[in-house]
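Asker: okay, structure incoming, though there's no sequence with it:
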């Protein structure tokens, strides 16, 4: 039992310590010291209303919750662990937690102490980045690199080693394997290995030339440098010098005049005496564009650029062996930047100067290309038609190009440091965005069509391309595909329209061949009967047969006239104008006053209908055809009534002509708009009227359909036309 006089001292220590301390009962805080409260930024009232895991970073919250619940159940739980806490202002920091079960006033509780380890975590992250950078360097090192532990076991070989030797890590795992496989071509290889280890032990490094046998059995010469690390590990670096060895062998076997040339490792080599060329190699011929015979006897100043003659002359007179840069001239006048390194020596009993000349054109071009690419990349970032944003590994926006602000309306001040997903991604698309973020975090580039929200709330269809940047974040490119999407929608609509036109053409062809054949058969049949009657002198039925032929001809003429009218629609256009629909409907009703009076029909026209834009004559044909149909199919209704009205749609005007006639069954609602499709064959006409109406409305970018409750329930034909803004009314 703690003495009462110690309790104030303990409380004083808890209140003033730099260690975060809390007491937890169940999952709630029952005590929080000032250090923890200040670091989290919550008031005591807020903390006492929260559960322990509410202050834990979301990445570790569920784990903490499960551990807390397990501790409450009396299960054994780890007492010491690391957590990432989340403050009220969104700040996060790492702590090392120590938890201990205790009893307070007879109730189970947990005393938690924690100290901030954010600094250590930052160091660990920095070390990890350094390790990744080192590994990246080793993986891309042009020199073969091997790491061996103090016991002689091979721990690592880089890709260049595998390329050079053909052996993988598992195949050269020990020094014994090295002796038997890799150094098999070396005489006294065991003595060499012992000497190599001895040098490492005594002076810390060892180097030399060795012969390695590749996995395919070929021999290669290598220079090997090895260094002993303080912990006993050994790093080996190997350069493939096989080509150099072979070249040296060839040079040694060549003629005496090229012995001096073998001492230089540069490309073009010339030997001069008092500034006059007396020898040159093939590379020099290619460099200067002269043959060897043409170079002999030439003063070196004759193929030195004017601005470089002073330095060349100075180097020759001083006998300097230091490399320097100059500009030489080819035989065709081409200027070539070069690096020259020369030395004087005795050759054939004469004092001469050998100069090795390296063409720097490729290096200069490479430097210029690097600069150009760097400039281009920067120009591309700021001038690409795509919006580009740079994010760090925590998905925070670091930079964005001007197009990003044009696309989405955010300034750099508004979005820098913000989480990209929170700025642009819709709530319902967060899962897709999270998947893409996981892919790019794993080092994979990904591209997907999606939608992103602008600052003003508008949605923009985009192609999202995410490109990882090793160990530092990623780029996101947004390509505006709204025009392409609109074009695709237009193409799909045109395809549907074309399919509909093709289907209509098939029906048209069938109908023409069928309906025109009937009158022709009638004419042909009765013409034959007429001839027979004339031959036999029978004249009693001549008049009836001739009348049938005339009737069939009239029917054919009527069909041909309707087909001609159908073909004119869309091919022969009248000028479009703005006109009031109410006035047009009154004119059409006046035109049909005869049939309307004969049927004793009541025609009601809405008092207000808007202006529309289109071919006034054709729209009048639409209204006339629909009114004639309403009158024709009124049936035996004693009080026939036709209503012409309108209601507004989205960017369009919806007109309707409603009757209380015989109605249309649901299965015939599409059929009535077909060519020559007559539901009642006893009525007048060819059945082409509604097909004409449908084509006229479609040419005006409108729609037409019919609704009916069924037989005897009347019909309502609807059609739409583009709306005309008030400012355009009355304008042609």
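Answerer: Great, that's in hand. Just so we're clear, the structure is a prediction, and the values are computed from it rather than from any experiment.
Asker: and the residue nearest to residue 16 when sequence neighbours are not counted, how many neighbours?
Answerer: Leaving aside its chain neighbours, residue 16 sits nearest to residue 34 (7.8 Å; criterion: Cβ to Cβ, 6 or more residues apart in numbering). For the C-beta atoms, the positions are set from N, CA and C on the backbone; glycine is no exception. Around residue 34 there are 14 other residues, counting by other Cβ atoms under 10 Å.
Asker: for residue 34, grab phi and psi.
Answerer: In terms of degrees, to the nearest 10, the main-chain angles of residue 34 are phi -60, psi -40.
Asker: look up how far residue 434 lies from the spatially most central residue of the chain.
Answerer: Taking Cα atoms, centre = their mean, the centroid of the chain lies closest to residue 465, which sits 2.8 Å from it. Taking Cβ to Cβ, to the nearest Å as the measure, residue 465 and residue 434 are separated by 17 Å.
Asker: quick revisit: run through the bridge partners of the residue nearest to the centre of the chain.
Answerer: Counting by DSSP bridges, residue 465 forms beta bridges with residue 447, residue 477.
Asker: contacts only, for it.
Answerer: Shown in contact with residue 465 (Cβ atoms under 8 Å, 6 or more residues apart in numbering): 445-447, 476-477, 479.
Asker: switch to 10 Å and redo it
Answerer: For residue 465, the contact set (Cβ atoms under 10 Å, 6 or more residues apart in numbering) comprises 386, 388, 436, 440, 445-448, 475-479.
Asker: redo those residues as JSON lines? Include distance to residue 319 and pLDDT.
Answerer: Shown next, in JSON lines, are those (distance: Cβ to Cβ, whole Å; pLDDT from 0 to 100):
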{"residue": "386", "distance to residue 319": "60", "pLDDT": "89"}
{"residue": "388", "distance to residue 319": "57", "pLDDT": "91"}
{"residue": "436", "distance to residue 319": "66", "pLDDT": "90"}
{"residue": "440", "distance to residue 319": "60", "pLDDT": "89"}
{"residue": "445", "distance to residue 319": "57", "pLDDT": "90"}
{"residue": "446", "distance to residue 319": "63", "pLDDT": "90"}
{"residue": "447", "distance to residue 319": "63", "pLDDT": "91"}
{"residue": "448", "distance to residue 319": "68", "pLDDT": "90"}
{"residue": "475", "distance to residue 319": "55", "pLDDT": "91"}
{"residue": "476", "distance to residue 319": "61", "pLDDT": "92"}
{"residue": "477", "distance to residue 319": "59", "pLDDT": "92"}
{"residue": "478", "distance to residue 319": "64", "pLDDT": "92"}
{"residue": "479", "distance to residue 319": "63", "pLDDT": "90"}
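Asker: got a quick ChimeraX command for the buried subset of those residues?
Answerer: Of the contacts of residue 465, the buried ones go into a single ChimeraX selection, burial set by 16 or more other Cβ atoms under 10 Å:
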select :386,388,436,440,446,475,476,477,478,479
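Asker: now the residue sitting furthest away from the middle of the chain: how far from residue 610?
Answerer: Residue farthest from the centre of the chain, counting by Cα atoms, centre = their mean, is residue 537 at 89.5 Å. Plainly put, residue 537 is 70 Å away from residue 610 if you go by Cβ to Cβ.
Asker: outline the domain layout of the chain.
Answerer: 4-117, 141-245, 254-364, 378-480, 486-568, 577-728 (automatic domain parsing).
Asker: tell me which of the contacts of residue 465 is nearest to residue 575?
Answerer: Nearest to residue 575 among the contacts of residue 465 is residue 479, at 41.7 Å by Cβ to Cβ.
Asker: how much space separates that closest one from residue 117?
Answerer: Applying Cβ to Cβ to residue 479 and residue 117 gives a distance of 44 Å.
Asker: what does residue 658 give?
Answerer: 80 Å.
Asker: then residue 136?
Answerer: The gap separating residue 136 from residue 117 is 28 Å, by Cβ to Cβ.
Asker: could you pull out the helices in the stretch 451-600 of the chain for me?
Answerer: Along the stretch 451-600 of the chain, the segments classed as helices by DSSP state H, counting those that start in this stretch run 482-536, 542-568, 581-591, 593-599.
Asker: check those helices for me: which has the lowest mean pLDDT.
Answerer: The weakest mean pLDDT among these belongs to helix 542-568, with a mean of 64.
Asker: contacting residues for the spatially closest residue to residue 109 that is not a sequence neighbour?
Answerer: Using Cβ to Cβ, 6+ apart and skipping residues adjacent in sequence, the residue nearest residue 109 is residue 25, 4.9 Å away. For residue 25, the contact set (Cβ under 10 Å, 6+ apart) comprises 31, 72, 104-105, 107-110.
Asker: which of those residues fall in helices?
Answerer: Mapping those onto helices (DSSP state H) picks out residue 72.
Asker: closest to residue 156 among the contacts of residue 25?
Answerer: For these, the closest approach to residue 156 (Cβ to Cβ) belongs to residue 110, at 45.2 Å.
Asker: the closest one and residue 62, how far apart?
Answerer: Distance of residue 110 to residue 62, given as Cβ to Cβ: 19 Å.
Asker: more neighbours, the two?
Answerer: More crowded of residue 110 and residue 62, by other Cβ under 10 Å: residue 110, with 22 against 11.
Asker: let me know the helix or strand that the residue nearest to that one when sequence neighbours are not counted is in.
Answerer: Excluding its sequence neighbours, the residue lying closest to residue 110 (Cβ to Cβ, 6+ apart) is residue 24, at 4.6 Å. Assigned by DSSP states H and E, residue 24 falls within strand 20-25.
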